[in-house]
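[1] Next come a sequence and a model predicted from it.
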Amino acid sequence: MGYEFRDRNLLRQAMTHPSLSAERKDAGNDNQRLEFLGDAVLQLVLTEILFRRLPKDPEGRLTQLRASVVAKPALAACARRLELGPVLRLGKGEDANSGRERESNLADAFEALIGALHLDGGMDVSRKVLERVMQPTIEAALRGESESNPKGKLQELLQAIHADIPLYNIVSEEGPDHLKQFVSEVVWRGRPLALGRGTSKKAAEIDAARNALERKAWEM
C-alpha cells in the first residue's frame, strides 16, 4: 500500500472480521465501524478524483462512474491487489467456508482499511494512497470495463484475436494447509501471459487473468 501504520492496532482491527469477534472474546473490536468510516472516505475522495478528471461530464455520469468504482466487485479487486485475503482474521467457520475469497469480506476489509488509514494518517494520506491503489479500478471504469470478471474479459479480448482460449495451470502451492497459497499461470497459444496468487485455485486464476489484463501481456 505504500504506507506504514503508526498505530498497528488500527490495522489489526481493520483485518478482523465479525466472525472472529463472535467466536473469541480476546479478538478485539471487529472492522465494522472502520468499514463505515472508510466508505465515507472512499465516497469523498473518489468524487473529488472524478470531478477533476472529467470537468465536462454531467452529474449523472459522475454518479454512475463513482457507483461502479465503489461497488463490491471493484473494492474486492483492490483488496486482492493488496493481498488482504491471506491476512484477514476470520472465525473458524468463516475461514473453512472460503471466507478469504468471499467478495463481500474482501470489499468490507478494504473499506475498513481505508477507515483505519484515515484515522492514522489523515485525509491527505488517504487521498494519496487511494489515488495510487485504486488507479487500475478508476481507469477500468473510465474505459467502461468491469473488474468483476477478469477471466471472462481476458478470454473475450484474446478470442477477438484468435479462437484459442486461455488456459490456467496451478504451478505451485505454498504454505500450511490453513494458509495455503496457490500460484496459477495463464497461458494462451503456448505463451505464458502472467502469474497470479490466491488462497484458492480459483482466486489464483482470477488474479492471473487480472495481471495479464493490466500488463496487456498478449501484446508483448
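    That came in fine, so what should we check first?

[2] Please count neighbours and contacts with C-alpha atoms only from this point.
    Will do.

[3] number of nearby residues for Gly144?
    For Gly144, the neighbour count with other C-alpha atoms under 10 Å is 10.

[4] would you say it is within a helix?
    No: read with DSSP: H, G, I helix; E, B strand; the rest coil, Gly144 is coil and lies in no helix.

[5] So what's the predicted local confidence for it?
    The model reports Gly144 with a pLDDT of 71.

[6] One more: Leu179?
    Looking at Leu179, the pLDDT reads 69.

[7] Ok, Ala208 next?
    Here, the pLDDT recorded for Ala208 equals 90.

[8] The nearest residue to it once chain neighbours are set aside and Glu185: what is the separation?
    Nearest non-adjacent residue to Ala208, counting by C-alpha to C-alpha, 6 or more residues apart in numbering: Gly196, 3.7 Å away. As for Gly196, its distance to Glu185 is 6 Å (criterion: C-alpha to C-alpha, to the nearest Å).

[9] who touches both of the two?
    Counting by C-alpha atoms under 8 Å, 6 or more residues apart in numbering, the shared contacts of Gly196 and Glu185 are 205, 208.

[10] So what touches the helix or strand hosting the residue nearest to Ala208?
    For Gly196, the host element (DSSP states H and E) is strand 191-198. The contact list for strand 191-198 (C-alpha under 8 Å, 6+ apart) reads 85, 181-187, 203-209, 211-212, 217-218.

[11] ok now the next helix or strand after that strand, how far from the chain's centre?
    Remark: after strand 191-198, the chain's next helix or strand is helix 201-215, criterion DSSP H and E. Averaging C-alpha positions (C-alpha atoms, centre = their mean, to the nearest Å) puts helix 201-215 12 Å from its chain's average.

[12] cool, stretch 9-23 as well?
    So, by C-alpha atoms, centre = their mean, the centroid of stretch 9-23 is 18 Å from its chain's centroid.

[13] neighbouring strands for the strand holding Gly196, and are they parallel or not?
    Applying DSSP bridges, strand 191-198 is found paired with strand 181-188 (antiparallel).

[14] orientation of the strand it pairs with relative to helix 201-215 in degrees?
    For strand 181-188 against helix 201-215, the angle by axes from the mean of the first three to the mean of the last three C-alpha atoms, to 10 degrees is 50 degrees.

[15] Convert the C-alpha atoms of strand 181-188 to CSV, please.
    Extracted in CSV, the C-alpha atoms of strand 181-188 (Å, rounded to 0.1, in the frame of the first residue of the first chain):
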residue,chain,number,x,y,z
GLN,A,181,-1.3,-20.1,-1.3
PHE,A,182,-1.7,-21.2,-4.9
VAL,A,183,0.2,-19.8,-7.8
SER,A,184,-1.6,-20.0,-11.2
GLU,A,185,-0.2,-19.3,-14.7
VAL,A,186,-2.4,-18.3,-17.6
VAL,A,187,-1.2,-19.5,-21.0
TRP,A,188,-2.5,-18.6,-24.4
